[in-house]
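Undergrad: Any chance you can model this:
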Amino acid sequence: MKKAILFVSDHFKEEAIALAEGAEYKVLEIYPLPKSPNPKFYIQMNKLRKIEENDLIDAIIIFDILKPRHFINLRRELKQKEIIDKVLLLLEIFALHAGSKEAKMQIELARLKYELPIIKEAYTKLKLGEQQGLLGSGGYGFESLIKLYRRKINKLSKELENIKKFKEKSIEANKRAEYTPTIAIVGYTNSGKTSLFNTLTSLSQKVDSKLFTTMAPKRYSISLKDKKIMLVDTVGFIRGIPPQVIDSFFVTLSEAKYSDALLLLLDSTLNKELIIETLTSSFQILREIGVSGKPIIVVLNKIDKLDGDLDQKIELVKNKANELYSPIYDTIPVSALKRVNIDLLRDRVYQLITELT
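TA: Residues are numbered from 1 along each chain as shown. As a prediction, this is how the structure comes out:
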């Protein structure tokens with residue numbers, strides 16, 4: 001396992017550590033993000049020199065979005081160490097867990113689009129005489145590299161667009177041929193989506209404490225009384241997910257867009273402020289991928305681990321969800337792991353599908 005130094009704000013510390021470990025880094029030290037980032041390196045000079053002298057460190061992870069000049073200057077000063085920001089960290093995790101050719105293409109496209117401005121700025125600096133030999137390339141090497149990146153981006157974009165059109169046509173054709181209502185399970189990583197999917201389907205998909213256990217959506221048909229329903233376990237959200245990642249993973253996240261209704265999971269063990277923050281961010285992500293007007297059941301999961309303030313949290317979530325989105329079909333507290341209120345959830349899903357069909 002590679003060793004890393006992590007720069008992160010207190011607000012995102014727990015999430016960033018879990019993400020770094022999910023990408024198979026061992027975090028040796030944690031520093032707060034600088035209040036006034038250094039214009040050239042983002043991190044403070046004293047931290048930079050300290051890291052430069054430490055041969056045990058393989059990478060520095062900065063849990064923020066770096067500008068191209070930060071990458072260029074940090075790579076020049078820390079030649080033997082990887083420089084990773086929030087976007088690249090997420091892409092590493094996605095690459096580790098990608099299960100389909102489509103997902104791998106999306107990850108590659110995201111990486112190329114993110115790295116191209118860095119290479120272009122390095123080339124500009126080379127022409128101005130401010131940069132020499134970055135990445136081992138001279139002027140001709142940079143030009144060839146930029147052309148190669150552009151060719152790959154165009155090729156992958158066209159292939160993914162064709163996949164998107166084919167998928168949309170297939171979904172519409174399937175609906176006309178034999179309509180089976182689809183319910184997508186969405187929500188933050190570690191909110192228990194896969195546990196709920198397993199409970200509702202009686203399957204045993206892999207459940208992991210690491211983030212992003214679910215990378216490729218899982219689909220499975222279940223029967224509720226006299227109705228068949230297609231249940232979809234989707235890729236999880238994280239707080240403040242960068243738009244670079246959302247755009248590139250549109251096809252993967254769009255399982256929610258094409259479903260008939262959604263189960264939006266929240267982790268009830270979070271404090272009230274964090275529950276509201278994740279709820280707000282979830283609706284924002286759903287809007288960005290095109291979800292609108294579909295009925296949502298908000299599922300407050302892990303209630304078996306709560307210590308008494310369940311009623312307050314239910315009321316808080318119910319009010320906020322109705323303020324942010326319509327229609328909210330219901331708000332149901334459950335424990336997917338202990339099967340608490342699962343029958344109630346099944347009944348409400350059945351009623352919802354009956355009304356839709």
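Undergrad: list the buried ones in the longest helix seen in the chain?
TA: In the chain, with assignment by DSSP state H, the single longest helix is helix 139-177. Buried residues in helix 139-177, counted by 16 or more other C-beta atoms under 10 Å: F142, L145, Y149, K152, L156, L160. In this view, the C-beta of every residue, glycine as well, is placed from N, C-alpha and C.
Undergrad: List just the nearest of the residues you listed to Y350.
TA: L160 (36.1 Å; C-beta to C-beta).
Undergrad: Check what pLDDT the residue nearest to G236 when sequence neighbours are not counted gets.
TA: Among residues not flanking G236 along the chain, T189 sits closest, at 3.4 Å (C-beta to C-beta, 6 or more residues apart in numbering). pLDDT recorded at T189 is 77.
Undergrad: Tell me the spacing between T189 and A20.
TA: 14 Å (C-beta to C-beta, to the nearest Å).
Undergrad: Where does the prediction get shaky in the stretch 51-200 of the chain?
TA: In the predicted model, the stretch 51-200 of the chain carries pLDDT under 70 at residues 97-100, 129-140, 171-172, 174-178.
Undergrad: which stretches of this protein form strands?
TA: 2-7, 25-31, 59-62, 82-85, 182-187, 218-224, 227-233, 261-267, 296-301, 328-333 (DSSP state E).
Undergrad: Any chance you could list what contacts the fourth one?
TA: In other words, strand 82-85. 2, 4, 58-66, 70-71, 74-75, 92 (C-beta atoms under 8 Å, 6 or more residues apart in numbering).
Undergrad: Going by distance to I185, which of those residues wins?
TA: Nearest member of the contacts of strand 82-85 to I185, counting by C-beta to C-beta, is E92, at 24.9 Å.
Undergrad: who's in contact with that closest one?
TA: A23, I84.
Undergrad: And the residue lying closest to T201 once chain neighbours are set aside, how close does it get to S195?
TA: Spatial nearest neighbour of T201, chain neighbours left out: Y220 (4.6 Å); criterion: C-beta to C-beta, 6+ apart. Per C-beta to C-beta, Y220 is found 14 Å from S195.
Undergrad: neighbour count winner among those two?
TA: S195 (19 against 16; other C-beta atoms under 10 Å).
Undergrad: Skipping adjacent residues, who's closest to the more buried one in space?
TA: Nearest non-adjacent residue to S195 (C-beta to C-beta, 6+ apart): A336, at 4.1 Å.
Undergrad: isn't the one you found right up against G187?
TA: No. Counting by C-beta atoms under 8 Å, A336 sits too far from G187 to count as a contact (11.3 Å).
Undergrad: on that earlier part again, which residues does the residue nearest to S195 contact?
TA: Going by C-beta under 8 Å, 6+ apart, the list of residues near A336 reads G192, S195, L196, N198, T199, N301, K302, I342.
Undergrad: what do you get if the cut-off is 6 Å, keeping everything else the same?
TA: By C-beta atoms under 6 Å, 6 or more residues apart in numbering, the contact set of A336 is G192, S195, L196, T199, N301.
Undergrad: and what of L324?
TA: Contact analysis of L324 by C-beta under 6 Å, 6+ apart lists F283.
Undergrad: Distance of it relative to L279?
TA: Counting by C-beta to C-beta, the gap from L324 to L279 is 7 Å.
Undergrad: quick one on the thing from earlier: can you tell me which of the contacts of strand 82-85 lies closest to P242?
TA: For these, the nearest to P242 is I65 (6.1 Å; C-beta to C-beta).
Undergrad: neighbours of the closest one, just the number please.
TA: I65 has 16 nearby residues by other C-beta under 10 Å.
Undergrad: same deal with the one 5 residues further on?
TA: Applying other C-beta under 10 Å, we find 22 residues neighbouring H70.
Undergrad: Verify the stated contact: it with Y42.
TA: Yes. Contact criterion C-beta atoms under 6 Å: H70 and Y42 qualify, at 4.4 Å.
Undergrad: Just the C-alphas of stretch 93-110, formatted as CSV.
TA: What follows is stretch 93-110 as a C-alpha-only set of coordinates in CSV (Å, rounded to 0.1, in the frame of the first residue of the first chain):
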residue,chain,number,x,y,z
ILE,A,93,-11.3,4.8,-6.8
PHE,A,94,-13.6,4.5,-9.8
ALA,A,95,-10.8,2.8,-11.8
LEU,A,96,-10.2,0.3,-9.1
HIS,A,97,-13.9,-0.7,-9.0
ALA,A,98,-15.0,-0.2,-12.6
GLY,A,99,-16.8,-3.4,-13.7
SER,A,100,-17.8,-2.7,-17.2
LYS,A,101,-16.2,-1.5,-20.4
GLU,A,102,-18.5,1.6,-20.4
ALA,A,103,-17.4,2.6,-16.9
LYS,A,104,-13.7,2.2,-17.8
MET,A,105,-14.3,4.4,-20.9
GLN,A,106,-16.0,7.1,-18.7
ILE,A,107,-13.1,7.0,-16.3
GLU,A,108,-10.5,7.3,-19.0
LEU,A,109,-12.4,10.2,-20.6
ALA,A,110,-12.6,12.0,-17.3
